[in-house]
Structures are given as C-alpha cells and as structure tokens.
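> sequence? don't have it. structure:
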Ligand SMILES: Cc1ncc(COP(=O)(O)O)c(C=O)c1O
Ligand SMILES: [Zn+2]
C-alpha cells in the first residue's frame, strides 16, 4: 500500500461502482447498518451491499429513541399520502418519488374482517415501486450512476422508472418469457434491457459476473439495504390504516420475501417508537406450487431453503427458486406463529377471476395467490371468520394481459377433452 500501512486481510476490494462514488450523503438519521447474521455494525455513509464477513443481509438502524419524542402517530396528520410520510424512518435524502405508497386498504366485499391492500395502484403497477424509490433515492445520494438488477419483471419496471426519474442508468436482466408489459415499460423508461434464456437466478448470476467490469451497482433483492426500507412502509401503513392495530394475519405472496421481511422490521420499529405494543400478526408466505422453496423448507422445518429445480408458474414474481433472505423469512414465519403454503396456478387463476367479479379488483396472479391461500387457511380453520386478515395484492392484473390471455386459450383447448374423459386430462 502507498502509505505503508498493512491492509486488514478481511477487507475486500470494493466494486468499481462503489469506488467511484462522488459524495457522501447525509445519513444523520441512520445510526448504522447491522448484519442480520453476525450483528456487525457497518458504516452507512458509503454504499454497502451485504456483510463482508458472512454475506448477511444488512438492516438499516435508526436512532429511534432520539426520534421518539417528536415522531408520534399524531405527527403524521396532514402529511403527504405517500410512503415518504414516514420520512423519519427512511433514508435522509431528497426522495426520488413518483407518488408511491399509501395505497388503499379495501374492506373485502366477500369476507367480513378481510382487507385487501391494493398495491396495484402504485407507480409502475406494483409494490416494487416502494423498494426502488428508496434504493434509487440512496443510490442518487451516494453519487452512483449505473444501477443493475435481475428481475422477474416488476422490480425491473420499477427500477427503470425510478432510475429515469433520478437521471441514472438502469441495466435490467429479465427472463425472456417475462410478461410483455414489463419489457415494454423498461424500454419506454430508457433502461438497458437484457432478456435471458433462463430464470431470475440466471439473471442474478449475469449481473454478479459483469457488475465489477461495467461499474454497475447491484440493487438485487436484499443485496443492498434500502429496498427493504421502502417495502417496510407497507407495515407502517397496515397499522396506520387499521387505526394503530395490527391484524391477526398478513398473507404475502413471497418470491424474494422483501415485503414480508420489511413489514416485520416495521412492526419492531413501531413498537420501539411506542406506536404499537408487542403484538404481531401471524405472517403467512404464499408461494406457487411450481416454485415453493420456502413452503418446502417450512414443511421440512429447515432454517434455510434449497434451490427449487425447474421452477414454473404463471405468477412470474413468485418464480424465485432461491431467496437470498430465506433464513430471515423462515425465522419470521416461526416467530410470528405463521406458516408458508403453496397454491396451484389453477387456484391462482380462479382467485384472479373471483377478485375481479366479486371485489372489482383486477389483481396480479401473485396477489391473487393471497386469496387462494386465505381460502385454504379458512378451510383448515387456521383462520376463523372473526380474524382480521390483510391480503396483499402486490400488483395490477393489467401488467399480465398476455399471461392471462394465454392461460385462457390453453384452458379452452383443454376443456373439451377434459369433459370427454370425465374430468381427467390426458394422456394424449
Ligand atoms: C406482483 C408481485 N408480487 C410478489 C412478488 C414477490 O415479491 P418479493 O420478492 O418481495 O417476495 C413479485 C416479485 O417480482 C411481484 O412482481
Ligand atoms: Zn455478518
């Protein structure tokens, strides 16, 4: 080294995107970043990814006790109806906002005590807007210029939109069979799109291989700390919209699980702020039967999930064969007295139609999986009719017109044959 001092052996060379960042943002509100595996305290004044020691996901920690006297539930009155109303527990930087968050909490017309949190009304039509608003806000504050992410679709759309709004470049890797809307959106927002013949895990590998050389900062799910911060605002909103009560259950369509992880973090923060007590909702992770690594790990009582081979489901956002934060998701399910379960694509499509017909909500297949799960949990008496349960519709069905139309065509093709042979399909 030029100064002759030995470099600590554990210190890794920083990626080019981080080495080049220009200015230090004000992070006064943030105390530090904390590793969720080893508890290490990490500096937030420069861009960070994961724990350098063990690859653990990093949580943003605030000085909540200092905030507590002034940041009260009453202080929210009259604030803007976006996720930035909770500014004190979000990054301290000029928000890159397109009006995300504070989505409607709709009372179900079918089930008394069930609420539908309609995230389809976010910018770019999904809850991914929240995470990307926070991540791009901090990326801009850190002076980063090029952001890259693998995406099942909606995260790509959101990154592309927020990068455009921030004047940054986005590099997005998506499976080639991603819903059409996602590809068209990303291109319209001026992102650099690569369609990959594979799954999101293959896309993630491509980003990881190229980021150093290209100078990209990787905003992959849970590989930077701020997407969780954006998504956690769903937890704040659930409590605020229910009058500072938490529901008995929250059903969350889980791919990478960032929303579930974020909401759980939010409940602890709200307790530390004195906004709620120690009560917690039972957190329910719903996955698609064709890609259910978390549900399988849950059934097998494992603390982490295994890679799910040949992942296949029409709910593109749930086609995540291995979640980076699997250990966090499984721990939350356990601590909350929740459960992970899988529903089939047929059940998902039935739920899309039911929500459309009965509630007037055109849900993303991922979101409709929450209704399919609720039905199962009611049938098994896990939830009773008096339990207040919040179902997350994570996106708008308008983003899946091609997927839904294709599905309809294949159902029509199969219907006559299934009738002829008494409901059993095949062999052909
Ligand atoms: C509409 C929708 N719902 C749910 C998910 C899963 O989200 P998470 O990765 O936070 O579990 C996705 C991910 O792409 C999505 O697009
Ligand atoms: Zn660590």
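Perfect, I can see it now. Treat the numbers as computed from the prediction; the structure is a model and nothing was measured. Ligands and ions are numbered 1, 2, ... in the order given.

> mind checking pLDDT for the residue of the stretch 101-250 of the chain found nearest ligand 2?
Nearest residue of the stretch 101-250 of the chain to ligand 2 (Cβ to the ion) works out as residue 225 at 12.6 Å. C-beta: built from backbone N, CA, C; applies to glycine. You'll see residue 225 listed with a pLDDT of 97.

> any idea what sits nearest it, other than its immediate chain neighbours?
Spatially, and ignoring its direct neighbours in sequence, residue 225 is nearest to residue 58 (4.4 Å; Cβ to Cβ, 6 or more residues apart in numbering).

> swap in residue 110?
Spatially, and ignoring its direct neighbours in sequence, residue 110 is nearest to residue 358 (5.0 Å; Cβ to Cβ, 6+ apart).

> and if you look at residue 83?
Nearest residue to residue 83 in three dimensions, chain neighbours excluded: residue 101, at 2.8 Å (Cβ to Cβ, 6+ apart).

> for that neighbour, what are its contacts?
Taking Cβ atoms under 8 Å, 6 or more residues apart in numbering as the criterion, residue 101 is in contact with 81-85, 122, 129-130, 133, 233-234, 237.

> What separation is there between it and residue 410?
Between residue 101 and residue 410 the distance, using Cβ to Cβ, to the nearest Å, works out to 36 Å.

> Please enumerate the helices of the protein.
16-19, 64-67, 128-141, 154-166, 180-188, 200-214, 226-241, 258-272, 293-299, 326-336, 345-354, 365-379, 401-420 (DSSP state H).

> Just the pLDDT for the residue nearest to residue 225.
Reading off the model, residue 58 has pLDDT 98.

> repeat for residue 1
35.

> And for residue 415?
66.

> Kindly report the same for the one 3 residues further on.
Residue 418 is assigned a pLDDT of 47 by the prediction.

> before we move on, the earlier item: need the contacts of residue 101 in CSV with neighbour count, distance to ligand 2 and pLDDT, can you?
Below are the contacts of residue 101 laid out as CSV (neighbours: other Cβ atoms under 10 Å; distance: Cβ to the ion, whole Å; pLDDT from 0 to 100):
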residue, neighbour count, distance to ligand 2, pLDDT
81, 11, 37, 97
82, 21, 33, 98
83, 29, 28, 98
84, 20, 30, 98
85, 20, 32, 98
122, 26, 32, 98
129, 31, 29, 98
130, 30, 25, 98
133, 32, 27, 98
233, 30, 25, 98
234, 25, 26, 98
237, 24, 30, 98
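
> my read: residue 245 touches residue 239, true?
Yes - judged on Cβ atoms under 8 Å, residue 245 makes contact with residue 239 at a distance of 7.0 Å.

> For those two, indicate the residue with more neighbours.
residue 239 (20 against 15; other Cβ atoms under 10 Å).

> Go through stretch 381-389 and flag the buried ones.
Across stretch 381-389, burial judged by 16 or more other Cβ atoms under 10 Å covers 382-383, 387-389.

> Pull the most distant pair out of the residues you listed.
Distances among those were taken as Cβ to Cβ; the most separated pair is 382 and 388, at 14.0 Å.

> got the residues of the stretch 1-150 of the chain near ligand 1?
Residues of the stretch 1-150 of the chain lying near ligand 1 by Cβ under 6 Å from any ligand atom: 126, 128.

> got the residues of the stretch 1-150 of the chain near ligand 2?
Neighbours of ligand 2 within the stretch 1-150 of the chain, by Cβ under 5 Å from the ion: 35, 37-38, 40, 51, 53-54, 56.

> Just the buried residues from the residues you listed, in PyMOL please.
Typed into PyMOL, the line below selects the buried ones among these, using 16+ other Cβ under 10 Å:
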select buried, resi 35+40+51+56
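
> want to throw the residues of the stretch 1-150 of the chain next to ligand 2 into TSV with distance to residue 289?
Output for those, formatted as TSV (distance: Cβ to Cβ, whole Å):
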residue	distance to residue 289
35	34
37	30
38	35
40	38
51	33
53	37
54	32
56	30
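
> Pick the one among the residues of the stretch 1-150 of the chain next to ligand 2 closest to residue 303.
Nearest member of these to residue 303, counting by Cβ to Cβ, is residue 37, at 11.7 Å.

> Give me the spatial nearest neighbour of the closest one, chain neighbours excluded.
With Cβ to Cβ, 6+ apart, the residue lying closest to residue 37 is residue 56, at 3.1 Å.

> mind listing what the one you found touches?
Contacts of residue 56 by Cβ under 8 Å, 6+ apart are 35-38, 40, 50.

> how near is it to residue 266?
20 Å.

> Burial check on residue 322, number of neighbours?
Using other Cβ under 10 Å as the criterion, the residues surrounding residue 322 number 19.

> Cool, thanks, signing off.
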